[in-house]
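Asks: Predicted model, plus sequence, below.
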4 protein chains.
Amino acid sequence: MPKVGMPAIRKPQLIQAAIEAIDERGFSGATVSVIGKKAGVSPAIINHYFGGKNGLLEETMKSLIREFFLLLKQELVRGKKASGIDKVMIIVKTSFSHSQTQPEVVKVWMGFWALAMHSHVFLRLQRVYSKRLKTALVMELKAILDIQKAREVAHIVASLIDGMWLRGSLDGGINKSYSTKLIRSYLELEIS
Amino acid sequence: MPKVGMPAIRKPQLIQAAIEAIDERGFSGATVSVIGKKAGVSPAIINHYFGGKNGLLEETMKSLIREFFLLLKQELVRGKKASGIDKVMIIVKTSFSHSQTQPEVVKVWMGFWALAMHSHVFLRLQRVYSKRLKTALVMELKAILDIQKAREVAHIVASLIDGMWLRGSLDGGINKSYSTKLIRSYLELEIS
Amino acid sequence: MPKVGMPAIRKPQLIQAAIEAIDERGFSGATVSVIGKKAGVSPAIINHYFGGKNGLLEETMKSLIREFFLLLKQELVRGKKASGIDKVMIIVKTSFSHSQTQPEVVKVWMGFWALAMHSHVFLRLQRVYSKRLKTALVMELKAILDIQKAREVAHIVASLIDGMWLRGSLDGGINKSYSTKLIRSYLELEIS
Amino acid sequence: MPKVGMPAIRKPQLIQAAIEAIDERGFSGATVSVIGKKAGVSPAIINHYFGGKNGLLEETMKSLIREFFLLLKQELVRGKKASGIDKVMIIVKTSFSHSQTQPEVVKVWMGFWALAMHSHVFLRLQRVYSKRLKTALVMELKAILDIQKAREVAHIVASLIDGMWLRGSLDGGINKSYSTKLIRSYLELEIS
DNA sequence: GATGAATGAGGATTCATTCAT
DNA sequence: TATGAATGAATCCTCATTCAT
């Protein structure tokens, strides 16, 4: 008697458990056993639902990325009346907000980044994030700058976001207001 | 009497082997067995010289950091006549040069960064790097800006360096000239 | 649903395998690999059931002690009509019988004794045995001697039992009838 | 330029180091490395002088036994005027004195006993001790008892000595005066 | 669907020993 | 004589995965 709709329950549950496990113990400490325990289920069902540990990790990273761009989309819709720098700053702020809503994602994201360095699948996913963030920035910047300049500024802003994330991870969290202030001041300099 | 001076030969040899192993296979793939094979010695001597795998990794990271700041010092001495933005750019360029001299350090450094997230020892080391880089930047910037502003700009530049490293790691290498060009243009904007 | 009731099967099975392995190869030769092979299972399940080799050894010693005192209790119940020296001799005989039922326990017990010398856990267990045996002897002896004397005689009898075990272990077994004869003759001397 | 007489210096030095190591860390913890460190020499010379770790252990046990019987001989000479029970008690007292002079031998001796259970060489050595002790007792007892009885009493006394050693080892030492008192009272009972 | 049982491959590490110096 | 360098074998243990139930 298979219970219907179990995947829809179990999958997010296991993904969340994976995020927490990685946050707490790092990638090397996030064993299926730990993740299973955290989710309150047997480690064996990770194979059942994801075909193995790697499958779970892939889905976890996809979920993180999906969630971020969903949030970004919402924020952009909410601020669609804004213009110029403000529009760009929505992207910046959302980037930092994401980590504030779920502080554990900082460590997890960093871990995936390191993983991407040696795994084709994760590299592809990381590039998706990387490109989409830059694309979003260019989209807004080209309204106020020529396309060439827009690309350069987008690259700088994207790098600033990632760099501040990285440095923030060392201090146990990102200082959102300070980070956004600095980026805004840069943008004002660039655009005025 | 035994062979003398072996530590001076073996230690750097094993550190280099560790860097290569991590570069090729990632942290999880860099087993003592692999590192030993790469160095052409028995895995057991890792314990002999470093007291365990962790000891080797620590020394490897220390070595990377030491090497970077040694290079930086040399470059700053060489360019001591420079002034203003040029002085700052020496730091920026050295940061990117380091990875060009040894392309594999990008992945390794990123791996250590992820490791730092869950290991006290590596966190401390990473912070040493992080702070010293920023300090070096502030040092040069306060010659041309007031201290408060110098700190902010230093934070931005440091974040740009790290962020561009990070993004560069996705593309299999850092585009040094593009990166330095962008950072210089930011500095000119800020300072002029 | 998994196979149920396996612990009740596997635990005694592994304990028995451990006893045989120690008997045949000594403590240093009783590796998890050997024990696993002897039990016809993978060495890994020792961790599954006992949390590690040490856990198995602890349970093995506990099992030996439990078994002995269970046997002793039964014998004392069976001989509850006996009195005086006969009652004491039940304890003595049971001590030697235990090793006859399972000849391998002599070596194993001796091994645990040596282990107790440097391990807190095993020391505690050995003291439990040591004290309970003496207590049992005092219990019977105080029916026929004043308490002070009973304690002394108990100490002598307990020492004789252990000493004869020890010496018997050198000869590949304890000569039960000779041992009990000598102890009885001592008791008769003491009590008459 | 071989230094002459080194064996006479190194061998006892290493034997003593072995005894201390076994006392402190048990047989399993007494590695050549530890013993070497304790003796202040390289572990490698254990092979040089004893042909391997096992050689050292054999010599250590032989040394212990030799030392005990040397002491016993001296005491018997010193007390050669004594007679009857007193003569026997010299043996008993010496047995317990031995462990008082060097408290660490209790643990070491016990360890060898356990080792004897699975090693032909050590079994032989242990039997030498066991038989010589009994022979010494019979020697004195047959002056006051018929040979048959003397053998029985010798067996009892030898068992008491070993049993009390064993039990004493659990308590961190042998209570010499209590032990000798009990054995003497037994002998008086037997002989009067 | 879900589980605990069970495993095999592989992890770091320890150890006694050998060897060149 | 004495050493540190070096190793291979063997240790326990961990882990992702599979399987019968």
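Replies: Arrived safely. Numbering: from 1, shown residues only, chains lettered A, B, ... in the order given.
Asks: Dihedrals phi and psi, A:Trp118?
Replies: Trp isn't right for residue A:118; it's His. Torsion angles at A:His118 (phi, psi; degrees, to the nearest 10) stand at phi -140, psi 10.
Asks: For the spatially closest residue to it that is not a sequence neighbour, give me its contacts.
Replies: Spatial nearest neighbour of A:His118, excluding adjacent residues (C-beta to C-beta, 6 or more residues apart in numbering or on different chains): B:Gly26 at 3.6 Å. (Each C-beta comes from the backbone N, C-alpha and C, glycine too.) B:Gly26 makes contacts with A:114-115, A:117-119, B:107, B:111, as judged by C-beta atoms under 8 Å, 6 or more residues apart in numbering or on different chains.
Asks: Narrow those to those in strands?
Replies: In strands, judged by DSSP state E, none of the contacts of B:Gly26 are found.
Asks: export those residues to TSV and tack on neighbour count and pLDDT?
Replies: Formatted as TSV, the contacts of B:Gly26 follow (neighbours: other C-beta atoms under 10 Å in any protein chain shown; pLDDT from 0 to 100):
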residue	neighbour count	pLDDT
A:Ala114	25	92
A:Leu115	23	93
A:Met117	22	91
A:His118	19	91
A:Ser119	18	93
B:Lys107	23	88
B:Gly111	24	92
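Asks: just checking, which of these belong to helices?
Replies: Among these, DSSP state H puts A:114-115, B:107, B:111 in helices.
Asks: Would you confirm that A:Lys53 contacts A:Ile45?
Replies: No. At 11.9 Å, A:Lys53 does not count as touching A:Ile45 under the criterion of C-beta atoms under 8 Å.
Asks: May I have the secondary structure class of A:Ile144?
Replies: Here A:Ile144 is coil, with the state taken from DSSP: H, G, I helix; E, B strand; the rest coil.
Asks: Contact partners for it?
Replies: A:Ile144 sits next to A:84-85, A:150, A:191 when contact means C-beta under 8 Å, 6+ apart.
Asks: and what of A:Val34?
Replies: A:21, A:25.
Asks: 10 Å instead, please
Replies: A:17-18, A:20-22, A:24-25, A:43 (C-beta atoms under 10 Å, 6 or more residues apart in numbering or on different chains).
Asks: Ok, A:Ala114 next?
Replies: Counted by C-beta under 10 Å, 6+ apart, A:Ala114 has contacts A:27, A:122, B:26-28, B:107-115, B:117, B:169.
Asks: What is the burial count for A:Gly40?
Replies: Other residues near A:Gly40 number 8, with proximity taken as other C-beta atoms under 10 Å in any protein chain shown.
Asks: how deep is the closest residue to A:Leu14 other than its chain neighbours tucked in, by neighbour count?
Replies: Spatially, and ignoring its direct neighbours in sequence, A:Leu14 is nearest to A:Ala39 (5.3 Å; C-beta to C-beta, 6+ apart). By other C-beta under 10 Å, the residues close to A:Ala39 number 20.
Asks: Go ahead and confirm A:Ala39 touches A:Ser33.
Replies: No. At 11.1 Å, A:Ala39 and A:Ser33 do not qualify as touching, with contact defined as C-beta atoms under 10 Å.
Asks: between those two, what contacts are shared?
Replies: Here A:Ala39 and A:Ser33 have A:21, A:46 as joint contacts, going by C-beta under 10 Å, 6+ apart.
Asks: what about the longest helix along chain A and DNA strand F, touching?
Replies: Ranked by number of residues, the top helix in chain A under DSSP H is helix A:53-78. Yes. Helix A:53-78 reaches DNA strand F (C-beta under 7 Å from any atom of the strand) through A:53-54.
Asks: one step back: drop anything exposed from the contacts of A:Ile144.
Replies: In terms of neighbour count (16 or more other C-beta atoms under 10 Å in any protein chain shown), the buried residues within the contacts of A:Ile144 are A:85, A:150.
Asks: Let's have the contacts of A:Ile144 in JSON lines, adding distance to C:Ser177.
Replies: Below are those laid out as JSON lines (distance: C-beta to C-beta, whole Å):
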{"residue": "A:Gly84", "distance to C:Ser177": "106"}
{"residue": "A:Ile85", "distance to C:Ser177": "102"}
{"residue": "A:Ala150", "distance to C:Ser177": "102"}
{"residue": "A:Ile191", "distance to C:Ser177": "105"}
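Asks: Out of the contacts of A:Ile144, which is nearest to chain D?
Replies: Comparing the contacts of A:Ile144 against chain D with C-beta to the nearest C-beta places A:Ala150 closest, at 66.1 Å.
Asks: Are there residues contacting both of A:Lys53 and A:Ile45? Which ones?
Replies: Overlap of the contact sets of A:Lys53 and A:Ile45 (by C-beta under 10 Å, 6+ apart) consists of A:Val32.
Asks: Tell me the residues of chain A that contact DNA strand E?
Replies: Residues of chain A lying near DNA strand E by C-beta under 7 Å from any atom of the strand: A:2-3, A:6-7, A:10, A:41-45, A:48-49.
Asks: Need those in CSV (columns: distance to chain C and secondary structure).
Replies: Output for these, formatted as CSV (distance: C-beta to the nearest C-beta, whole Å; DSSP: H, G, I helix; E, B strand; the rest coil):
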residue, distance to chain C, secondary structure
A:Pro2, 15, coil
A:Lys3, 15, coil
A:Met6, 17, helix
A:Pro7, 21, helix
A:Arg10, 18, helix
A:Val41, 14, coil
A:Ser42, 9, coil
A:Pro43, 13, coil
A:Ala44, 9, helix
A:Ile45, 13, helix
A:His48, 14, helix
A:Tyr49, 18, helix
